[in-house]
Structure formats: C-alpha cells, structure tokens
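Peer 1: I need the structure of the sequence given here:
(one chain, ligands or ions: 2)
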Amino acid sequence: MTDKTKLQVKTCDELKQQPEEYREACEKLVISHAINELYGGRTYDDPAIAFAPTPYAKWLTCRVAMEEYGHHVRFFELGRQMGIPAEKMLPEKTAKKPLSVFDFPLTSWEEFVAIKLVVDLAEILQVEDLLHCTFHPLRNLARMTMPEEKFHAQFGLDFGAELVKTPEGKAKLQEAVNKIFPGVPAFFGRAKSKNNEIYRKWGIKLRSNEDMAADYVKRGAEAIRKLGLQVPDIAVAAA
Ligand SMILES: [Fe+2]
Ligand SMILES: [Fe+2]
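Peer 2: Ligands and ions are numbered 1, 2, ... in the order given. Next up, the predicted model:
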C-alpha cells in the first residue's frame, strides 16, 4: 500500500506504477482539462477575434485564443504521455459532454469580456488547486498555465473598464454578466462528489467542490464590483 502522505509521482513512468484509483483520477482530470480548454477556445476565444472592436483588442484576443488552444495542446500532450487515447481528449470524438458553462454561442464582444472576467477566474481557481498536486507533471502544467489564466482574467477587467465608460457599454456588459455569472459555480462540480473525494484522498487536488464554488462566488463578486457593476443573485448548491 502506498503511503499517501508521502506520495509524490514525478514522471509519467512513475504514474504507471501507482494504484489504479490514482491513475484513473489523474487521467480523468487531464481529459476534462483537455476537452474543456479546446471547447472553450473554439466556442468563445476564436469567434471573439471577429467581435473585437479595434486592432489592439483583436491583437490581445488572438493572444488569448492562442493561449487557450495552447492549454488544450499541453494537456493533450501530457495525456498522450500518460497513455490516454487521443479520441478521449477531443470533444467531437467522445461522448463526454463539455461543461454546461460552455453551452451558449458567443454573440457579442461584451459577452466575451464578461466570460474572461468571470469564467477565467474560475479557471484560475481550478489551476490554483493543482499547484501542489502529487502528480508532478500535472502540477508543472498548472504552474505554466497560471500566468496565462491570470492574463485572461485581467483582460476581462481591462476591457470591462473600457466598456463601462459609456452607459450603453455598461448596460451591455451588465446584461452579459447577468447571463453568465450565475452558471459558473456549476463549473466546480457537485457537492459531496465522489471524484472530488478521490482527488483529495490522493493529494491530486486540495479543496472540495463546494468550498471552491463558495470561494469563487466571493472572488467573482469582487471582480464584478470593481467595474461598478451589480452582482447578480446566485444560488450555490448547499454543501
Ligand atoms: Fe485555459
Ligand atoms: Fe483562460
């Protein structure tokens, strides 16, 4: 039996020697990141380039899209090194549904700014939770990804600050925040989730879904208030 308190898995080769429950948990996490990064990039970041109102905004949106595709590529490559079949990490080839937060088509620049403001903050929390992961390749990937996710959330704040300068821009951004923010806590998964329990048992993740969702609601509200917007009512699943 592995001593879980001292468990540190440094390479994909070492992963192969770990108990099935540990390997499967790492695989699930890598698959979910690979799928959601690609789905998010395709559904929002890529189409947002066309909505970006100025060359400067297009330039930075291209950078965001490049980085989101890059996140998919890095998780995908790690997954391949772990022996995960390629088709399990591509949304069109798997039955696994992307997160419900990605369930609507992008229709405006304001929606994209709201997504970066509140959805990428949720990504930051997810990545933070992997910074001390006992599977080191995943931890390293989280550390590499973190500055880029922070840039995306800052992008939301910066372009949000531009939009709120006009009453029309502010109203549209508020409408987009109202539409998007309440759906984001679901991104953290159900309370008392069995998967989450396994992640924590093995030190793959640190926090419970409900703990992260509650923290997210607080931090999301702060970001929304920073722009002088109203925080929409939000119901968080009881722990
Ligand atoms: Fe990402
Ligand atoms: Fe992002």
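Peer 1: may I have the phi/psi pair for V9?
Peer 2: Recorded main-chain torsions at V9 are phi -110, psi 110, according to degrees, to the nearest 10.
Peer 1: now do the SS call for the residue in the chain that ligand 1 sits nearest to.
Peer 2: Taking CB to the ion, ligand 1 has its nearest neighbour within the chain at H71, 3.9 Å off. No exception for glycine: its C-beta is placed from N, CA and C like everyone else's. Using DSSP: H, G, I helix; E, B strand; the rest coil, the structure places H71 in helix.
Peer 1: with G183 instead?
Peer 2: helix.
Peer 1: what parts of the chain come near ligand 2?
Peer 2: By CB under 5 Å from the ion, the residues of the chain that approach ligand 2 are 120, 123, 149, 152.
Peer 1: any idea how far L117 is from the last one?
Peer 2: When CB to CB, to the nearest Å is applied, the distance between H152 and L117 equals 9 Å.
Peer 1: neighbour-wise, which of these two wins?
Peer 2: Between H152 and L117, counted using other CB atoms under 10 Å, the more crowded position is L117 (29 against 22).
Peer 1: mind listing what's buried along the host helix or strand of D120?
Peer 2: D120 is located in helix 109-128, with elements delineated by DSSP states H and E. Buried residues in helix 109-128, defined by neighbour count with 16 or more other CB atoms under 10 Å: 109-128.
Peer 1: same question, stretch 135-152
Peer 2: Applying 16+ other CB under 10 Å to stretch 135-152 flags 135, 137-142, 145-146, 148-149, 151-152 as buried.
Peer 1: can you put these in JSON lines and add distance to E27 and secondary structure?
Peer 2: Formatted as JSON lines, the buried residues of stretch 135-152 follow (distance: CB to CB, whole Å; DSSP: H, G, I helix; E, B strand; the rest coil):
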{"residue": "F135", "distance to E27": "10", "secondary structure": "strand"}
{"residue": "P137", "distance to E27": "12", "secondary structure": "helix"}
{"residue": "L138", "distance to E27": "10", "secondary structure": "helix"}
{"residue": "R139", "distance to E27": "16", "secondary structure": "helix"}
{"residue": "N140", "distance to E27": "17", "secondary structure": "helix"}
{"residue": "L141", "distance to E27": "14", "secondary structure": "helix"}
{"residue": "A142", "distance to E27": "16", "secondary structure": "helix"}
{"residue": "T145", "distance to E27": "18", "secondary structure": "helix"}
{"residue": "M146", "distance to E27": "22", "secondary structure": "helix"}
{"residue": "E148", "distance to E27": "23", "secondary structure": "helix"}
{"residue": "E149", "distance to E27": "22", "secondary structure": "helix"}
{"residue": "F151", "distance to E27": "28", "secondary structure": "helix"}
{"residue": "H152", "distance to E27": "26", "secondary structure": "helix"}
